[in-house]
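Peer 1: A predicted structure for the sequence below; I have some questions about it.
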Amino acid sequence: MTTGSFADWAGTIADIGPVYPFVGSEGFLVIAGLVFWIAWHVSQLKKEAATMKEEDDYYQSGGS
Amino acid sequence: MSDQLSAFVVLFTEFYYWLTVVLMFLIHVGFCMYEVGASRRKNHLNTLMKNTMLIPLVTITFFFFGWWIYFAFPNGPGILGGLVESPHAVPWSELMGAHMGAGADGWERINGVFWAAFLLFSWTAASIVSGSVIERIQSGAFWILAVAIGSVFWIIDASWGWHSAGWMVQLLGYHDAYASGVIHAIAGGFALGILAVLGPRIGKFAADGTPRNINPRNPWMVTIGLFLIYTGFWGFYVACNIPIWDIQAGDEIFYSATNIYLAPTTLSAITFNFLMSLAGGLLAGYWVSKGDAFWTYSSGLAGIIAASAGNDLYHPIQAMFIAIVGVIVMYKLHYYVERRFKIDDAVGAVAVHGYAGFFGVVVAGFMLWGYPSSPDPTYATINPFGQFVGALIMFGLLGFLPGWIIAKILNAAGILRIPRSIEIAGLDSRAQSLIDAEEQAIIDAERQNS
């Protein structure tokens, strides 16, 4: 059992090609990465908006 | 890589770019120190995190689409043809990962380090913008803008004007060997577009419109930051070259370093000119600012930027004088724009990068008039008109305009600028007061126990 696309280094090295595991999953990885990237921005913007509101309310109510 | 010579060329090139990436990392250490040093104490941590987090965001987006843009867009598309196929640069390519090279023509070794060298330029473009907007922009808005300049707009301009087959090189004879326009003018223009929407920091201008100086909080951090940026700039220059290339037309062979357009140059040439333009910038900056440390250091950078477009070909003394004039122009223009348009460029980034870069591109058109822009004799030669149009594209079309439009959209969404109350108190103040309260609670509890 191997997650790679080759079993050993004994053959012609140049024929091995990609050496990372799960060759063939690249398209899925790109989609997952793009979703993560957009989700990070959305989540961060929400958190920052909440922080801004909380701090603004604090200062408006006389906090210093 | 079955023979020793081709193996040497590929492996040396791989190591060469890897080394430039490590050197260029210092640019970002420098930018972080510089920005924090320039900000006020109440904003230090926010300023640091705003700059730091552009690094991962631009990195992943440059992997997802920035790298592909460079190879796909040399024709415009729509000016000289359509999108160019670039199978090694799409993010799902097997060559965008560890690979042993079956039929990859060396890309299995070069792709990662070449991608990283361009990526470090991308960080630089975004980091240039970061300094100018400190102390009043929302971090989330800035990071969207950072991705736009770092992984989209600068790499479009690189594909157009900093690629051996870019349409600007072919039609305009555009020459910008060390990126006066391709990195610096575009980033400066982008920053100016944002600043026009964002507005000045509270207190920057008096009620009658007179500008006030908000001086750097920590001049020592600014100093070390700029020295680190100079150091990283060496790596940037070296990364703009291809280290070994057969430049001889026909069957003969002549190996040389080349610039990005595959035209011959040497590391000696750019070392002469890097140092002489740095020297010219420092001398002019000290003189024009009457010994102001902040502007003197920044002018060293601006001097290099002003000469960078032609620093593969200039005589070192030419590079020095171009740097001197470029620094005086950018310094005067900074204060004119500040007074006239009430633009608060907190670290002078628009001037140091934008105006000096624009100047550098235009001057190269006169200094190198008639020089070949490429080894391909069918390309237009370098000329003042082509360089001027090129500078307008870099600073205006791909810099100022997108920066202004995206900032307008973010502003309309209410996420561009922090609330006034927070700006006055400081971005770190609330979090710091909570930290202080927690610390005090521990102290009080321990005193009661003792």
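Peer 2: Cool, the structure landed. The structure presented is a predicted model; accordingly, all values stated were derived computationally and were not measured.
Peer 1: going by C-alpha atoms from here, please, whenever you check contacts or count neighbours.
Peer 2: OK.
Peer 1: excluding covalently adjacent residues, which one is nearest to the residue of chain A found nearest chain B?
Peer 2: Here chain A gets closest to chain B at one residue, residue A:18, 4.0 Å apart by Cα to the nearest Cα. Distance criterion Cα to Cα, 6 or more residues apart in numbering or on different chains; nearest residue to residue A:18, sequence neighbours excluded, is residue B:99 at 4.0 Å.
Peer 1: hang on, that neighbour packs against residue B:108?
Peer 2: Yes - contact criterion Cα atoms under 8 Å: residue B:99 and residue B:108 qualify, at 5.4 Å.
Peer 1: the more surrounded of these two?
Peer 2: Higher neighbour count among residue B:99 and residue B:108: residue B:108, with 24 against 20, using other Cα atoms under 10 Å in any protein chain shown.
Peer 1: which ones are touching that one?
Peer 2: Neighbouring residues of residue B:108 by Cα atoms under 8 Å, 6 or more residues apart in numbering or on different chains: B:95, B:98, B:99, B:100, B:101.
Peer 1: adding pLDDT and distance to residue B:86, write these out as TSV.
Peer 2: Output for those, formatted as TSV (pLDDT from 0 to 100; distance: Cα to Cα, whole Å):
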residue	pLDDT	distance to residue B:86
B:95	94	11
B:98	92	18
B:99	91	17
B:100	87	19
B:101	80	16
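Peer 1: now these in TSV, with secondary structure?
Peer 2: What follows is these, written out as TSV (DSSP: H, G, I helix; E, B strand; the rest coil):
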residue	secondary structure
B:95	coil
B:98	coil
B:99	strand
B:100	coil
B:101	coil
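Peer 1: could you dump those residues to JSON lines with distance to residue B:226?
Peer 2: Shown next, in JSON lines, are these (distance: Cα to Cα, whole Å):
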{"residue": "B:95", "distance to residue B:226": "36"}
{"residue": "B:98", "distance to residue B:226": "35"}
{"residue": "B:99", "distance to residue B:226": "38"}
{"residue": "B:100", "distance to residue B:226": "40"}
{"residue": "B:101", "distance to residue B:226": "40"}
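Peer 1: who wins for neighbours among the residues you listed?
Peer 2: residue B:95 (23 neighbours).
Peer 1: show the backbone phi and psi for that residue.
Peer 2: For residue B:95, the backbone dihedrals (degrees, to the nearest 10) come out as phi -80, psi -10.
Peer 1: from chain A, how far out is it?
Peer 2: 7 Å (Cα to the nearest Cα, to the nearest Å).
Peer 1: pretty sure that residue sits against residue B:105.
Peer 2: No - assessed by Cα under 8 Å, residue B:95 is found out of contact with residue B:105, at 10.8 Å.
Peer 1: in the stretch 151-300 of chain B, what residue comes closest to chain A?
Peer 2: residue B:151 (13.2 Å).
Peer 1: now stretch B:267-274: how far from the chain's centre is it?
Peer 2: Relative to the centre of its chain, stretch B:267-274 is centred 20 Å away, using Cα atoms, centre = their mean, to the nearest Å.
Peer 1: how about stretch B:441-450?
Peer 2: That offset, for stretch B:441-450, works out to 51 Å (Cα atoms, centre = their mean).
Peer 1: mind checking the SS state of residue B:117?
Peer 2: Under three-state DSSP, residue B:117 comes out as helix.
Peer 1: ok so, going back, test my guess that the residue of chain A closest to chain B contacts residue B:100.
Peer 2: Yes - Residue A:18 is in contact with residue B:100 according to Cα under 8 Å; the separation is 6.2 Å.
Peer 1: mutual contacts of the two, please.
Peer 2: What both residue A:18 and residue B:100 touch, as defined by Cα under 8 Å, 6+ apart, is an empty set.
Peer 1: just the CA coordinates for stretch B:3-12, please, in CSV.
Peer 2: Extracted in CSV, the C-alpha atoms of stretch B:3-12 (Å, rounded to 0.1, in the frame of the first residue of the first chain):
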residue,chain,number,x,y,z
ASP,B,3,24.5,15.4,-18.9
GLN,B,4,26.6,17.4,-16.5
LEU,B,5,26.4,20.8,-18.3
SER,B,6,22.6,20.9,-18.4
ALA,B,7,22.4,19.6,-14.8
PHE,B,8,24.8,22.3,-13.7
VAL,B,9,22.8,25.0,-15.4
VAL,B,10,19.5,23.8,-14.0
LEU,B,11,20.7,23.2,-10.5
PHE,B,12,22.7,26.4,-10.3
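Peer 1: what mean pLDDT does it get?
Peer 2: For stretch B:3-12, the mean pLDDT works out to 87.
Peer 1: repeat for stretch B:400-414
Peer 2: 98.
Peer 1: for residue A:8, see how far away the residue nearest to residue A:18 is.
Peer 2: 15 Å (Cα to Cα, to the nearest Å).
Peer 1: which residues does the residue of chain A closest to chain B contact?
Peer 2: A:5, B:94, B:95, B:97, B:98, B:99, B:100, B:101.
Peer 1: now do the same end-to-end measure for stretch B:254-264.
Peer 2: Start-to-end, stretch B:254-264 (Cα to Cα) is 10 Å.
Peer 1: how about it: buried residues?
Peer 2: Going by neighbour count (16 or more other Cα atoms under 10 Å in any protein chain shown), the buried part of stretch B:254-264 is B:256, B:257, B:258, B:259, B:260, B:261, B:262, B:263, B:264.
Peer 1: so which strand or helix has residue B:17?
Peer 2: helix B:4-38 (DSSP states H and E).
Peer 1: what about that helix, near chain A?
Peer 2: No - figure legend: helix B:4-38 not in contact with chain A (Cα under 8 Å from any Cα of the partner chain); closest approach 12.7 Å.
Peer 1: which strands or helices does that helix pack on?
Peer 2: The contact analysis (3 or more Cα pairs under 8 Å, 6 or more residues apart in numbering or on different chains; DSSP states H and E) places helix B:4-38 against helix B:44-52, helix B:107-132, helix B:219-239, strand B:242-246.
Peer 1: now do the last one: which elements does it pack against?
Peer 2: Put plainly, it is strand B:242-246. So strand B:242-246, by 3+ Cα pairs under 8 Å, 6+ apart, packs with helix B:4-38, strand B:255-258.
Peer 1: which one of those lies nearest to residue B:335?
Peer 2: Among those, helix B:4-38 comes nearest to residue B:335, with 17.7 Å by Cα to Cα.
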